[in-house]
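# Fold the following and give me the result.
(6 chains)
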There are 4 protein chains.
Amino acid sequence: MTGEPRPELQRDAERTRADLLAVATEVFAESGYSGARVDEIAERTRTTKRMIYYYFGGKEGLYMAVLESAYRGIREAEQRLQVDHVDPVVAIRNLAELTFDHHLDHQAFIRLVAIENIHRGEYIGRIDSLRTLGQPATSLLDEILARGHEQGVFRADVDALDVHLLISSYCVFQVANRYTFGFLFDVDFTETTRRAHLRRMIGDVVVGWLTTH
Amino acid sequence: MTGEPRPELQRDAERTRADLLAVATEVFAESGYSGARVDEIAERTRTTKRMIYYYFGGKEGLYMAVLESAYRGIREAEQRLQVDHVDPVVAIRNLAELTFDHHLDHQAFIRLVAIENIHRGEYIGRIDSLRTLGQPATSLLDEILARGHEQGVFRADVDALDVHLLISSYCVFQVANRYTFGFLFDVDFTETTRRAHLRRMIGDVVVGWLTTH
Amino acid sequence: MTGEPRPELQRDAERTRADLLAVATEVFAESGYSGARVDEIAERTRTTKRMIYYYFGGKEGLYMAVLESAYRGIREAEQRLQVDHVDPVVAIRNLAELTFDHHLDHQAFIRLVAIENIHRGEYIGRIDSLRTLGQPATSLLDEILARGHEQGVFRADVDALDVHLLISSYCVFQVANRYTFGFLFDVDFTETTRRAHLRRMIGDVVVGWLTTH
Amino acid sequence: MTGEPRPELQRDAERTRADLLAVATEVFAESGYSGARVDEIAERTRTTKRMIYYYFGGKEGLYMAVLESAYRGIREAEQRLQVDHVDPVVAIRNLAELTFDHHLDHQAFIRLVAIENIHRGEYIGRIDSLRTLGQPATSLLDEILARGHEQGVFRADVDALDVHLLISSYCVFQVANRYTFGFLFDVDFTETTRRAHLRRMIGDVVVGWLTTH
DNA sequence: CATGAATGAGGCTTCATTCAT
DNA sequence: GATGAATGAAGCCTCATTCAT
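Have a look, this model is predicted:
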């Protein structure tokens, strides 16, 4: 009737919700959708299992809320990346290498994405609010590419989405496929020198590719 | 596992095992480890659930058998790839593009790999027979790179594993992350023209990168 | 129940109570006691779930209030039935046929009665105010029968309660058992011609029976 | 493979199934569909809750199996009723009074029917095998009525279904509405003299009605 | 080797109710 | 008198696994 949420109460509700979401993000990222246990999520929380149904309607709703908040969080973080070098070649290398760091910093997110793809995107496909979340990710790239084309230093047959795909593939793979790749090729992706090598490498790859005519 | 089966039944025993393995591969690839149902696997088989325990000891053993046979099968297929062009630049492009095709032809396998990585490689890590399966994958690359280095057309700071990682990242991503990426960027990875573009692109990327000094 | 509400709120209090009662009547009649959901009742109301506990003490109290108000309402409606023909044969036929109509007009009530009988009358048995509610229902019958007996047109071994029971059985059955009977005998009780036939029939039955010596 | 069920095993399976069905019939008849507890059913059984899902798929399947077996059992019992008097008037009276007894002997069944009608017949409507179960119930009546019509002792505007409906209404009501009716009119339907009166009465009603022209 | 029957532990969800404000 | 948040108990169901034959 008042229209105004009472702050003290809302706070608690918000906290409960946030708490559940945070724990659920961890658990889903760790165990996948089917592997995650509603009981485990609840136990790690200040509240009870019942609240999952109160706030999210069920396991599925909770998982979708996790997906949405994870994507939203990651895009926000992405938009804080600063790549304002004037030289497009330097800029693109910076972007590639910062993206590399960014992925390493958000491994849980990448696991969630892998999990969602195992489900063939059936849940994300129902989150309408994410339907337009791609755009910002390529806008910075658009700019850099435009400058590079103007200056004639970049090849012409490449657009922002191509570059984004290449960089994403590489950076995601480091995290998502680390275990099997590491096992088969006896490689440790957490070693500092190897990591530095791999970081420089994605810069080399992108620059080498784009500057070849 | 429990001694020698009687000869006249051996045929059927082998068939039963193979049947289970084939169905289990499909089901695990489709639903993940936790999501897969022992009942479903048994139902889609000529035999009964009991046989899963008889031949594989349980769900876990079956999953590991699936992993092993999948990796073994994929490496065999890889070794049939023919890239015998003398020009290392042409050869490496061919290899990249054939690998691209190869991944698209083995999507179930890529899903299994994604699933196993969600489990942090805990199952593959216990399959000793796969521990050395990586080598053949890079030997062809080794050759091509060696020739390229001899001829001075390839940069020197790159080894076979680097190239393999780059190509794998790209090709795996097409399959493994198709759903979320497709959703966020409104891209259909099954479109023929797009697929041709993406196929050429990985060749461009690898060649552009390797030939930059 | 808890003293006198403040006058200016009394109006609303009464409205809230009535609102709850009306919705609860619908929901209990639709789903039974166990099947009814307190949440659903509250949702379909202008007020909140809390009010159910405030006004009725809980689900059980609400259900009993529903029962009481339903019985009270039905008896009031019954008493408005006008059967003032002097000829007892005509009068009894009229009464039977009007009762038939009356039941068709109050199907929710009949469902509530069926539900309460499933519970072996344990709730109605605790509503003392209903304990004497039967009498008025037979008083009109008493009169008609008395006149018929005086005139020697009705058989002597029948009292008002017998006739009431026969008519009630027939009229209740039309509503209460409509679904199973309709299914098994492929009969549609809502068809107009059939309904007219059935209406006349209860008149025939009662008159035929009473006038047989 | 053999085609022949192995008797010893089948027996147990059949016993388990039958055990569940018998207990479930009691519990559903006692508490209704929503009110019945799967746990309670299982507890009263030689087996475990799990078997309900194994044999019946779930609570709903079990309830439907109960409905089906109850209807089937009741029709079998009905067909054992012997009413072979040549005089149609005597025969119809016998049938009415035996039906009266029959209903009193199968109160759980009548409760189940009441419950199913609360659910608007949604479950019985899905049991195709019951769709033709009505016929036998009216065939005996058909015969008797035919004889009565031939002899000119029965009125002509009545068919078997009408008579069946009248008798059913009366007999069902005794059981189904006993509690509320008994409470409101202070009547005890289990009293022996009242029961005898009520039994004779349905005979009187039917005969009186049918023999009135 | 094979089968149908059986199982216990644990999964997700829903219920009526109460609390703090 | 009213609200949204919270709850514990209990509900139905599903899982991988094993047993008797």
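# quick one, what contacts residue A:188?
Shown in contact with residue A:188 (C-beta atoms under 8 Å, 6 or more residues apart in numbering or on different chains): A:182, A:194. No exception for glycine: its C-beta is placed from N, CA and C like everyone else's.
# what helix or strand does it sit in?
Counting by DSSP states H and E, there is no helix or strand that carries residue A:188.
# Which neighbouring elements make contact with the lowest-mean-pLDDT helix or strand in chain A?
The helix or strand of chain A with the poorest confidence is helix A:7-35; it has a mean of 85 (mean pLDDT, DSSP states H and E). For helix A:7-35, the packing partners by 3 or more C-beta pairs under 8 Å, 6 or more residues apart in numbering or on different chains; DSSP states H and E come out as helix A:38-43, helix A:49-56, helix A:59-79, helix A:107-118, helix B:7-35.
# mind listing what's buried in the helix or strand encompassing residue A:139?
Following DSSP H and E, the helix or strand that holds residue A:139 is helix A:135-150. Buried residues in helix A:135-150, counted by 16 or more other C-beta atoms under 10 Å in any protein chain shown: A:137-138, A:140-141, A:144-145, A:147-148.
# out of those residues, who's nearest DNA strand E?
For the buried residues of helix A:135-150, the closest approach to DNA strand E (C-beta to the nearest atom of the strand) belongs to residue A:137, at 31.9 Å.
# Tell me the confidence at the closest one?
Confidence at residue A:137, expressed as pLDDT, is 80.
# can you pull the contacts of residue A:44?
Each residue near residue A:44 by C-beta under 8 Å, 6+ apart is listed here: A:23, A:26-27.
# Now it. Its backbone dihedrals?
In terms of degrees, to the nearest 10, the main-chain angles of residue A:44 are phi -80, psi 10.
# Now do it against chain D, distance only.
29 Å (C-beta to the nearest C-beta, to the nearest Å).
# again with residue A:33
Separation of residue A:33 from chain D (C-beta to the nearest C-beta): 23 Å.
# Test my guess that that residue contacts residue A:117.
No - Residue A:33 is beyond contact range of residue A:117, at 11.5 Å (criterion: C-beta atoms under 8 Å).
# still on that earlier bit, okay, angle between the least confident helix or strand of chain A and helix A:107-118 too, please.
Comparing the axes of helix A:7-35 and helix A:107-118 via axes from the mean of the first three to the mean of the last three C-alpha atoms, to 10 degrees yields an angle of 60 degrees.
# Pull the distance from helix A:7-35 to the chain's centre.
The chain centre lies 18 Å from the centre of helix A:7-35; the measure is C-alpha atoms, centre = their mean, to the nearest Å.
# follow-up on the earlier one: relative to residue C:168, which of the helices and strands packed on helix A:7-35 is closest?
Among the helices and strands packed on helix A:7-35, helix A:49-56 comes nearest to residue C:168, with 44.7 Å by C-beta to C-beta.
# So which elements touch the closest one?
helix A:7-35, helix A:38-43, helix A:59-79.
# next SSE after the last one?
Put plainly, it is helix A:59-79. helix A:88-105.
# hang on, the earlier thing: which one of the helices and strands packed on helix A:7-35 has the most crowded surroundings?
Among the helices and strands packed on helix A:7-35, ranked by average contacts under mean count of other C-beta atoms under 10 Å in any protein chain shown, first place goes to helix A:107-118 (a mean of 22).
# Closest one of the buried residues of helix A:135-150 to DNA strand F?
Nearest member of these to DNA strand F, counting by C-beta to the nearest atom of the strand, is residue A:137, at 33.2 Å.
# Please give the number of neighbouring residues around residue A:45.
Residue A:45 has 18 neighbouring residues, counting by other C-beta atoms under 10 Å in any protein chain shown.
# May I have stretch A:60-77 as CSV, with CA atoms only?
Output of stretch A:60-77 as CSV, limited to C-alpha atoms (Å, rounded to 0.1, in the frame of the first residue of the first chain):
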residue,chain,number,x,y,z
GLU,A,60,15.6,-24.6,-12.0
GLY,A,61,14.7,-21.0,-11.2
LEU,A,62,17.7,-20.7,-8.9
TYR,A,63,20.0,-22.0,-11.7
MET,A,64,18.5,-19.5,-14.1
ALA,A,65,19.0,-16.7,-11.6
VAL,A,66,22.6,-17.8,-11.2
LEU,A,67,23.1,-17.8,-14.9
GLU,A,68,21.6,-14.4,-15.3
SER,A,69,23.5,-12.8,-12.5
ALA,A,70,26.8,-14.4,-13.6
TYR,A,71,26.4,-13.1,-17.1
ARG,A,72,25.5,-9.7,-15.9
GLY,A,73,28.4,-9.6,-13.5
ILE,A,74,30.8,-10.7,-16.2
ARG,A,75,29.7,-8.1,-18.6
GLU,A,76,30.0,-5.4,-16.0
ALA,A,77,33.6,-6.5,-15.3
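# what about chain A, any weak spots by pLDDT?
A:1-11 (pLDDT under 70).
# Residue A:124 is in contact with residue B:179, isn't it?
Yes - contact status for residue A:124 versus residue B:179: in contact at 7.4 Å, counting by C-beta under 8 Å.
# any common contacting residues for these two?
residue A:116.
# re the thing from before, could you dump the helices and strands packed on helix A:49-56 to JSON lines with distance to residue D:162?
Shown next, in JSON lines, are the helices and strands packed on helix A:49-56 (distance: least, C-beta to C-beta, whole Å):
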{"stretch": "helix A:7-35", "distance to residue D:162": "59"}
{"stretch": "helix A:38-43", "distance to residue D:162": "57"}
{"stretch": "helix A:59-79", "distance to residue D:162": "54"}
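# Where does the closest residue to residue A:103 other than its chain neighbours fall, secondary structure wise?
Closest residue in space to residue A:103, ignoring its immediate chain neighbours: residue A:171 at 3.9 Å, by C-beta to C-beta, 6 or more residues apart in numbering or on different chains. When elements are assigned from DSSP H and E, residue A:171 belongs to helix A:160-176.
# Same question for residue A:132.
Residue A:132 belongs to no helix or strand, assigned by DSSP H and E.
# which residues does it contact?
Counting by C-beta under 8 Å, 6+ apart, there are no residues that residue A:132 touches.
# Next, it: phi, psi?
Residue A:132 adopts backbone torsions of phi -110, psi 20, taken as degrees, to the nearest 10.
# Would you format the buried residues of helix A:135-150 as JSON lines with distance to residue C:130 included?
Below are these laid out as JSON lines (distance: C-beta to C-beta, whole Å):
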{"residue": "A:137", "distance to residue C:130": "70"}
{"residue": "A:138", "distance to residue C:130": "73"}
{"residue": "A:140", "distance to residue C:130": "76"}
{"residue": "A:141", "distance to residue C:130": "78"}
{"residue": "A:144", "distance to residue C:130": "83"}
{"residue": "A:145", "distance to residue C:130": "83"}
{"residue": "A:147", "distance to residue C:130": "87"}
{"residue": "A:148", "distance to residue C:130": "88"}
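# circling back: looking at the contacts of residue A:44, which is nearest DNA strand E?
residue A:27 (9.7 Å).
# do you know how far whichever residue of chain A sits closest to chain D is from DNA strand E?
Relative to chain D, the nearest point of chain A is residue A:58 (18.9 Å; C-beta to the nearest C-beta). Distance of residue A:58 to DNA strand E, given as C-beta to the nearest atom of the strand, to the nearest Å: 3 Å.
# This completes my enquiry, with thanks.
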